[in-house]
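Trainee: one predicted model, sequence on top.
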Amino acid sequence: MPTHARAGFYGRVIVPWLTHVAMQNQEIRRRRAEIVPAARGRVLEIGIGSGLNLPYYRDIGMVVGIDPSPRLLARAKKAAAATGLDVELIEGSAEDLPMPEESFDTVLTTCTLCTIPNAAKALAEMRRVLRPSGQLLFLEHGLSPDPRVRTWQDRLNPLWRRLAGGCNLNRPIDRLIAGAGFHIDVLTNEYARGPRPMTYLYRGAAKA
């Protein structure tokens, strides 16, 4: 879920609502069900949004979810109550995590790195709070390897970013993760259904 929204009524009210609706599509739900259950131990979810990942957790200790949107966190609070999980929700930024070093076994990010203003800084923070044996699980959309699709991503990105609360179509997710010092163990790339500039997916796991 996006972790940054434009200021004003559109960013505070419309973008959170659009985010909640968009993130419930069937394609994303199916992929949540594939990646979220791999989380273990104490989990930090970056951009927890309205809590749509919560029903998919299995055999974990607790979830700490961080998001800058109070409206989305209000929805997440209700979702957490329905699951019975031990969930702590924090309003804040992934670029400045209010957690000590090596305090989580898993960090999860789904459709979030596209939106964080400084994704490299946020990933460095994620690596800081992961334990040495910890894992980063990610499901993100981003830069396509197809030159024609990349051209459209670059053309559309300025307008898309304004309309979609800061979301970027053309971030090289794997390079960003590796550049933060993570070792990517598993990576699957594919197009989801829908317009190709918006639907090239990166799904995988990395170690700090």
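Mentor: That came in fine, so what should we check first?
Trainee: only C-alpha atoms from now on, for both contacts and neighbour counts.
Mentor: Noted.
Trainee: check which element follows the worst-scoring helix or strand of the chain on mean pLDDT along the chain.
Mentor: Lowest mean confidence among the helices and strands of the chain (mean pLDDT, DSSP states H and E): helix 15-22, at a mean of 62. Downstream of helix 15-22, the next assigned helix or strand under DSSP states H and E is helix 26-35.
Trainee: now do the end-to-end distance for stretch 90-106.
Mentor: Length of stretch 90-106, first residue to last, Cα to Cα, to the nearest Å: 17 Å.
Trainee: now do the buried residues in that stretch.
Mentor: Buried residues in stretch 90-106, defined by neighbour count with 16 or more other Cα atoms under 10 Å: 90, 92, 93, 94, 95, 97, 103, 104, 105, 106.
Trainee: check stretch 126-144 too.
Mentor: Neighbour-count burial for stretch 126-144, counted by 16+ other Cα under 10 Å, picks out 126-131, 134-144.
Trainee: backbone phi and psi for residue 69, please?
Mentor: Main-chain dihedrals, residue 69, degrees, to the nearest 10: phi -100, psi 110.
Trainee: thinking it is in contact with residue 90, fair?
Mentor: No - the criterion here is Cα atoms under 8 Å, and residue 69 misses it with residue 90 at 9.7 Å.
Trainee: may I have stretch 27-35 exported as PDB, CA atoms only?
Mentor: The C-alpha atoms that make up stretch 27-35 are tabulated as PDB, following Å, rounded to 0.1, in the frame of the first residue of the first chain:
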ATOM      1  CA  GLU A  27      -4.800 -10.200  -8.900                       C
ATOM      2  CA  ILE A  28      -3.200  -8.600  -5.800                       C
ATOM      3  CA  ARG A  29      -5.200 -10.700  -3.400                       C
ATOM      4  CA  ARG A  30      -4.000 -13.900  -5.100                       C
ATOM      5  CA  ARG A  31      -0.400 -12.800  -4.800                       C
ATOM      6  CA  ARG A  32      -0.800 -11.700  -1.100                       C
ATOM      7  CA  ALA A  33      -1.900 -15.200  -0.400                       C
ATOM      8  CA  GLU A  34       1.300 -16.500  -1.900                       C
ATOM      9  CA  ILE A  35       3.800 -14.200  -0.100                       C
END
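Trainee: which members of the buried residues of stretch 126-144 occur in strands, if any?
Mentor: Under the assignment DSSP state E, those contribute 130, 131, 134, 135, 136, 137, 138, 139, 140, 141 to strands.
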